[in-house]
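S.K.: this is a predicted model, with the sequence first.
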Protein chains: 2
Amino acid sequence: MFRTESVFRFVPPVLYTDRLNDDIQKLIEQVRSGDVRALSRAISTVENRAPGWSDLLKALFPHTGQARVLGLTGAPGAGKSTLVDQLARFYRSENRTVGIIAVDPTSPYSGGAILGDRIRMQEHFSDPGIYIRSMATRGSLGGLARTTADVATILDASGRDLIMIETVGVGQDEVDIVRLADVTILILVPGMGDDVQTIKAGIMEIADIFVINKSDRDGAEHVEKEIRTLQSLAMRADGWVPPIVKTIASEGTGIDELEAAITEYEAYLSKKNLTLSKSAENWQERLVEMLRDAMLEKARAQFNDGNLAGLASEVAEHKRDPYSLVEEIAGKVGK
Amino acid sequence: MFRTESVFRFVPPVLYTDRLNDDIQKLIEQVRSGDVRALSRAISTVENRAPGWSDLLKALFPHTGQARVLGLTGAPGAGKSTLVDQLARFYRSENRTVGIIAVDPTSPYSGGAILGDRIRMQEHFSDPGIYIRSMATRGSLGGLARTTADVATILDASGRDLIMIETVGVGQDEVDIVRLADVTILILVPGMGDDVQTIKAGIMEIADIFVINKSDRDGAEHVEKEIRTLQSLAMRADGWVPPIVKTIASEGTGIDELEAAITEYEAYLSKKNLTLSKSAENWQERLVEMLRDAMLEKARAQFNDGNLAGLASEVAEHKRDPYSLVEEIAGKVGK
């Protein structure tokens, strides 16, 4: 029924007609030229795994690596969107182009179309230098982190100077998503109590820069102290001590300092010759994820939907054990 | 480096010595007899994918399906643990045994060992009728939802009457986790503002029962109204209208009503002949997840760690496109 649809959505086979190749070739050129409508079409193609998606990414990949990719994460209500908007404004004032990927934990049924996104889109509508795309938690065939990475590839190849990936900082998905970024920024706010505990546990260790947003609120010093305590417990392998930047995003306060901290971190990596090795580390994990997805496609072909439903029923009735069943199917793949 | 260790942790091959078989056989019997220490050992075996883990699950699966599995989720600070503890007390007063799986978004580096868990363990230490196990976000080879499912299988086969899976309700991981449950309970609290928005988007639709905890606080009616509004927008396919139960978990208020709502939902499913079809639906998704994990194991064998690191470096330097690379490796599997 509906819960399984997203997983078993029919994936049309890639048909290598000349027509398709022509279309994709044209799309690649348009994306490369920075055309915004082509950008949207390319992203949809990849999100939906529509025909040619793979050729598109293969062709665009060699043109990536120019953009600075920022990952911004924090609890709901931490002011991520506002901070991202302010950063976008800052970069635009320097004439740099921006792509924003807003990853929202959205409905498994509605599959995207986020109201807040539309409001933000409207605000920046007149400026083609800011491109915003929302990603839903569901509906992406290859997992959310994977699809986010693909969208970042497209934005990078289209010549955007800055790519900001914004996501709620709870859960493994989000850890995987921020890992895509060159620089990971964790946004905390004073007075969050338990929330800080939760965030801390999951993402504190991968933050390259801490932001205390809404820093005019009571408790900002307390949050800073908590971060410092945590930092005193464990030294990072790369020797970097993540700075703490105080902002009031709604007023634009502290944005310059945040930008300076980002630049400083990049300079540090560069000086220590770590830029490439960090990227290679991230690619190790991404390659495994991509390979797993590719293998799943292969495996899926082993049972068509009807067959799967029947097998699932047998398991639900305890007539069959799922562990042996999966072993058996996996054993058949590729033979 | 450390980030990739969890993914590439060495998995010892299963050695089918008689010794191993004997050990696993004994463990299976001990688990089946309800032995608590065997339970812990069996869970560790499965979590770590230690030798015999698969045989263990295969042998235990036919003995599952007796336990009632509850999934409880909500934002940080909603009072999940307190509510779970109160439900546990309630069931214990009826002489029913309880297994609790607390899924915490914990550090990718520390890999578990949660303080709160230890405190709770201590409180219930004298009662072997309550078994609590914490699960970390990282360190599980097969994904968190998968490992949680495996642990639930073991608890079920060990004869626990009730299994409660408790998790923070943000992110896809959590949606996958609560989907394991027969009954999904979403815990909200008044005055959460943006948090309710976030939770709503992700998990509102899969809740079978809503709990408004800390319901003596201002804003409880507002939360109730929000839920009702949401419910008026879309009817569930199964016709069930999730009831709203008000609790003050810290005082034990509303626990009886919650238990009554759970029983009512199960009776509804039974009356409508939906129990089995719901379970089969969930198994469809789980089978795919299990298959994906199995395929990953196969894929991983295609490149050993050293090889992967080299390929990742080439990708990081943009000397190689990852999309073609993955296609190539996947194409080789099973040949």
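M.R.: Nice, thanks for sending it over.
S.K.: can we go C-alpha only for contacts and neighbour counts from here?
M.R.: OK.
S.K.: now stretch A:248-257, how far from the centre of its chain.
M.R.: 24 Å (Cα atoms, centre = their mean, to the nearest Å).
S.K.: list the contacts of it.
M.R.: The contact list for stretch A:248-257 (Cα atoms under 8 Å, 6 or more residues apart in numbering or on different chains) reads A:79, A:82-83, A:86-87, A:90, A:213-216, A:245-247.
S.K.: just checking, what packs against the longest helix along chain A?
M.R.: When chain A is parsed with DSSP state H, its longest helix is helix A:275-300. Packing partners of helix A:275-300 (3 or more Cα pairs under 8 Å, 6 or more residues apart in numbering or on different chains; DSSP states H and E): helix A:144-157, helix B:2-8, helix B:275-302, helix B:305-316, helix B:322-332.
S.K.: switch to 10 Å and redo it
M.R.: Contact here means 3 or more Cα pairs under 10 Å, 6 or more residues apart in numbering or on different chains; DSSP states H and E; on that basis helix A:275-300 packs against helix A:144-157, helix A:172-178, helix A:255-271, helix A:322-332, helix B:2-8, helix B:275-302, helix B:305-316, helix B:322-332.
S.K.: now the first one: average pLDDT?
M.R.: Translated: helix A:144-157. In this model, helix A:144-157 has a mean pLDDT of 90.
S.K.: and the next helix or strand after that helix, which strands flank it?
M.R.: Tracing the chain C-terminally past helix A:144-157 and defining elements by DSSP states H and E, one meets strand A:162-168 next. Strand A:162-168 has its sheet partners listed here by DSSP bridges as strand A:68-74 (parallel), strand A:98-104 (parallel).
S.K.: among the helices and strands packed on helix A:275-300, which is nearest residue B:209?
M.R.: If you check each of the helices and strands packed on helix A:275-300 against residue B:209 by Cα to Cα, helix B:275-302 wins as the nearest, at 15.8 Å.
S.K.: give the rounded mean pLDDT of that closest one.
M.R.: 82.
S.K.: which parts of it are buried?
M.R.: By neighbour count with 16 or more other Cα atoms under 10 Å in any protein chain shown, helix B:275-302 contains the buried residues B:275, B:277-300, B:302.
S.K.: okay, the angle between that helix and helix B:255-271?
M.R.: Compare the direction of helix B:275-302 with that of helix B:255-271 by axes from the mean of the first three to the mean of the last three Cα atoms, to 10 degrees and you get 90 degrees.
S.K.: confirm that residue A:132 sits in a strand.
M.R.: Yes: assessed by DSSP: H, G, I helix; E, B strand; the rest coil, residue A:132 belongs to a strand.
S.K.: measure it to chain B for me?
M.R.: Distance, residue A:132 to chain B, by Cα to the nearest Cα, to the nearest Å: 19 Å.
S.K.: centre of the chain to the host helix or strand of residue A:92, how far?
M.R.: With secondary structure defined by DSSP H and E, residue A:92 is part of helix A:80-93. How far helix A:80-93 lies from its chain's middle: 18 Å, per Cα atoms, centre = their mean.
S.K.: what is that helix packed up against?
M.R.: Packing partners of helix A:80-93 (3+ Cα pairs under 10 Å, 6+ apart): strand A:68-74, strand A:98-104, helix A:115-123, strand A:130-136, strand A:162-168, strand A:183-188, helix A:255-271.
S.K.: tell me the buried residues in that helix?
M.R.: Judged by neighbour count (16+ other Cα under 10 Å), helix A:80-93 contains these buried residues: A:80-92.
S.K.: who touches residue A:265 in this structure?
M.R.: Residue A:265 makes contact with A:182-183, A:208-209, A:240-243, A:271, according to Cα atoms under 10 Å, 6 or more residues apart in numbering or on different chains.
S.K.: next: residue A:310.
M.R.: Residue A:310 makes contacts with A:316, B:280, B:284, as judged by Cα under 10 Å, 6+ apart.
S.K.: what's the burial count for the first one?
M.R.: What it means is residue A:316. 23 (other Cα atoms under 10 Å in any protein chain shown).
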